[in-house]
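A.B. asks: the following block contains a protein sequence and its predicted model.
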Amino acid sequence: MSDIETNLKQLFSKIDELKPAFIERLTKAVAIPSVSSDETLRPKVVEMANFLQNELKNLGADDISIKELGIQPPPVNDSNLKLPPIVLSKFGSDPNKKTILIYGHYDVQPALLEDGWNSDPFVLIEKDNKLIGRGSTDDKGPVMGWLNSLQAHKELNIPLPVNIVFCFEGMEESGSIGLDKLIQKEAKSYFNNVNSVCISDNYWLGTKKPVLTYGLRGCNYYQLIIKGPGADLHSGIFGGIIHEPMTDLIKVMSTLVDINGNILIPGVNEMVAPVTEKEDELYKDIEFDVNELNLASGSNTAIYQDKKNILMHRWRYPSLSLHGIEGAFSGAGAKTVIPSKVIGKFSIRTVPDMDSEKLTKLVTDFCNAKFKDLGSPNEFKAELIHDGAYWVSDPFNDEFTSAKLATKKVWGIEPDLTREGGSIPITLTFEQELGANVLLLPMGKGDDGAHSINEKLDVPNYIEGTKTLTAYLHYYGATK
Ligand SMILES: C[C@H](N)C(=O)N[C@@H](Cc1c[nH]cn1)C(=O)O
Ligand SMILES: [Zn+2]
Ligand SMILES: [Zn+2]
C-alpha cells in the first residue's frame, strides 16, 4: 500500500471514531444564528467568527488573522453597521508542499420557526440519519468538515499533505461585500503562495451521485422603493382616494417576468451566450431524475419536464425571482392597512456573457419607465443592492483529477461534472486575483433544502464528505 493509501486508511477510521465530536462541533456552530442579512443579528455573525477563531486555535493554527472590513455601504438601515470580519488562518508553510486556499462562509440565510420549520432552526437535531438545522448544509457543515479533517490529522499525528490557507467570510449570503478588495490586497501577501482554491459550498445535483462542479451563475439583487403617504393608513378612510404604494409596486413587479420564468426586460436575454454544439452534447451523460426535482421542491410545479431543459435553465440561462416586499403586511389575520412605504425585492441569476453594469441599466431604466407609465404621484427608486459574478471553468486539471480520485475512493463511483444554479460571488475573484484554479467540491445533496425550511445534511454526507475533503488534500498534495 502506498503512503497515501496507508494514511487515508488511518484517517478514515479516525473520522468514523470522531463522528460524535464532529456532530457536536456542527451543533455548536448551528446554535449561533449568524444571519448576515438581518442587521439586528450582526453581533451573532461576529460571535460565529469568534467561534471559528477559537476552533482554529485549538486545532493548532500557525497563524490566525482577523481582517475587519469597515462599515457596510448603503443601502443599509444602520449607517454605522460594521461588516463581519474575514477569518484568515494558516496551517503549514512547507515550501516543498502545495498550498491550497480553502474558502467557506460562516453566515446563513434567515430562518424562523413560523416559516414552517418542524423544529427550532438553530437547534441542530439528528433525525432519520439527517442533521437538521439552518446552515447544516450551507455552509456550516462543509466548513466544519475541513476542521474535522484537521482534527483527524492532528490526533493521528499525520502531517498535512499541503499547506492550508483558510478564508472564511460572514457576508456570502449578502453579496460578499468587502471581500473582493481584501483578496486584491492580500493576493501578494497573505495569499502569496496559493496554488489552488477549493470551495465546498454547493450541492450534488440529485441524491445518489456525488458531483464536482465547474460553473456557477452570478446574482444581481435589486430593490424597488415606493413611498407615498406619511404613515400607514386606514383602508376604510383612505382606500380608493389615494394612490397606494403597494398597488404601484405590484404593477411594476408583475412586468418583470412571466409565469413560465421568461424574463420580460428587453435586452436581457440578448446578452446570453449561444449554446455551442459541444455544450449541447454535454447534458446527455449527466445523471438526473426529473422526479427528484419534484421531490426536492416538494411539489409538482416544474416548468420543464425533460432533463436537458431543466439543467439548461438552472445552469446556463438567467432567471428572475421575486423574493418579497418589505413594509407590506404579512402576518396572520386581516389587517386593513395601506402600507405607506414598500420595498420590493427581486434578483436575476446571471450567466455568460451578461454584463452586470449593463444589466443594471436595463433593469433600472425598465422599472423607471414602467412606474412612469402608471402616472402615480408616489416616489419611486430602483437600485442594485449587490451583485456577484458568474463563473465557469475547465474541469480537466489537477484539481478535478484529484477530486475525482478522492470521490471514487470514498463513494466508490466516478462523480458527474456539473454546474450550479446558485452563486458564490467571490469565486471569480479568487481565480483572477490569485491566478489559481478553483474547484467546487460539494458535500450535501440536492434535496438538502438550502435556504429553505428544515435544511438538513445527511449524516453520511457529513462524515463521508469529511473523508472526501481529506482524500482530496492528499491526492492533490501528491500532484507534480
Ligand atoms: C451556493 C451558495 N451556497 C449560496 O447559497 N449562495 C447564495 C449567494 C448569494 C446571495 N445573494 C446573492 N448570492 C445564493 O446563491 O443565493
Ligand atoms: Zn446560501
Ligand atoms: Zn453557501
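C.D. replies: That came through fine. Numbering: from 1, shown residues only. Ligands and ions are numbered 1, 2, ... in the order given.

A.B. asks: contacts and neighbour counts: CA atoms only from here.
C.D. replies: OK.

A.B. asks: the closest residue to ligand 3 within the stretch 151-300 of the chain: neighbour count?
C.D. replies: Taking C-alpha to the ion, ligand 3 has its nearest neighbour within the stretch 151-300 of the chain at Asp201, 4.8 Å off. A total of 23 residues lie near Asp201 under the criterion other C-alpha atoms under 10 Å.

A.B. asks: then it would be within a helix, right?
C.D. replies: No. Asp201 is assigned coil when assessed by DSSP: H, G, I helix; E, B strand; the rest coil, not a helix.

A.B. asks: which strand or helix spans the closest residue to Gly267 other than its chain neighbours?
C.D. replies: Spatial nearest neighbour of Gly267, chain neighbours left out: Leu362 (7.1 Å); criterion: C-alpha to C-alpha, 6 or more residues apart in numbering. Following DSSP states H and E, one finds Leu362 within helix 356-374.

A.B. asks: run through who's touching that helix.
C.D. replies: 220, 248, 252, 255, 265-268, 380-384, 387, 389 (C-alpha atoms under 8 Å, 6 or more residues apart in numbering).

A.B. asks: let's see 6 Å
C.D. replies: 252, 382 (C-alpha atoms under 6 Å, 6 or more residues apart in numbering).

A.B. asks: can you show me the CA trace of that helix as PDB?
C.D. replies: Output in PDB follows, covering the C-alpha atoms of helix 356-374 (Å, rounded to 0.1, in the frame of the first residue of the first chain):
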ATOM      1  CA  SER A 356     -23.500  43.300 -14.600                       C
ATOM      2  CA  GLU A 357     -23.500  47.100 -15.200                       C
ATOM      3  CA  LYS A 358     -25.300  46.800 -18.500                       C
ATOM      4  CA  LEU A 359     -27.900  44.600 -16.800                       C
ATOM      5  CA  THR A 360     -28.400  47.100 -14.000                       C
ATOM      6  CA  LYS A 361     -29.000  49.900 -16.500                       C
ATOM      7  CA  LEU A 362     -31.500  47.800 -18.400                       C
ATOM      8  CA  VAL A 363     -33.300  46.800 -15.200                       C
ATOM      9  CA  THR A 364     -33.500  50.300 -13.600                       C
ATOM     10  CA  ASP A 365     -34.400  52.000 -16.900                       C
ATOM     11  CA  PHE A 366     -37.200  49.400 -17.500                       C
ATOM     12  CA  CYS A 367     -38.600  49.800 -13.900                       C
ATOM     13  CA  ASN A 368     -38.500  53.600 -14.100                       C
ATOM     14  CA  ALA A 369     -40.400  53.500 -17.400                       C
ATOM     15  CA  LYS A 370     -43.000  51.100 -16.100                       C
ATOM     16  CA  PHE A 371     -43.500  53.200 -13.000                       C
ATOM     17  CA  LYS A 372     -43.800  56.400 -15.100                       C
ATOM     18  CA  ASP A 373     -46.500  54.700 -17.200                       C
ATOM     19  CA  LEU A 374     -48.600  54.400 -14.000                       C
END
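
A.B. asks: please identify the residues of this protein in proximity to ligand 1?
C.D. replies: Contact residues (C-alpha under 6 Å from any ligand atom) of the chain with ligand 1: 138, 172-175, 201-202, 219, 422-424.

A.B. asks: most neighbours of all these, which one?
C.D. replies: Asp138 (30 neighbours).

A.B. asks: read off the pLDDT value for that residue.
C.D. replies: Per-residue pLDDT puts Asp138 at 98.

A.B. asks: buried stuff in the helix holding Leu362?
C.D. replies: Buried residues in helix 356-374, counted by 16 or more other C-alpha atoms under 10 Å: 356, 359-360, 363-364, 366-367, 370-371.

A.B. asks: what does stretch 313-333 give?
C.D. replies: 314-320, 325-326, 328.

A.B. asks: check those residues and tell me the two furthest apart.
C.D. replies: Arg316 and Ala328 (33.5 Å; C-alpha to C-alpha).

A.B. asks: could I get the phi/psi values of the residue of the stretch 251-400 of the chain found nearest ligand 1?
C.D. replies: The minimum distance from the stretch 251-400 of the chain to ligand 1, using C-alpha to the nearest ligand atom, falls at Gly388 (6.4 Å). Backbone torsions for Gly388, taken as degrees, to the nearest 10, come to phi -140, psi 140.

A.B. asks: what's opposite it in the beta bridge?
C.D. replies: Gly388 has these beta-bridge partners by DSSP bridges: Cys219.

A.B. asks: and it, what is it in contact with?
C.D. replies: 218-219, 425.

A.B. asks: out of the residues you listed, the closest to ligand 1 would be?
C.D. replies: Cys219 (5.0 Å).

A.B. asks: quick check, that closest one in contact with Arg349.
C.D. replies: Yes. Cys219 lies in contact with Arg349 (C-alpha atoms under 6 Å); the separation is 4.5 Å.
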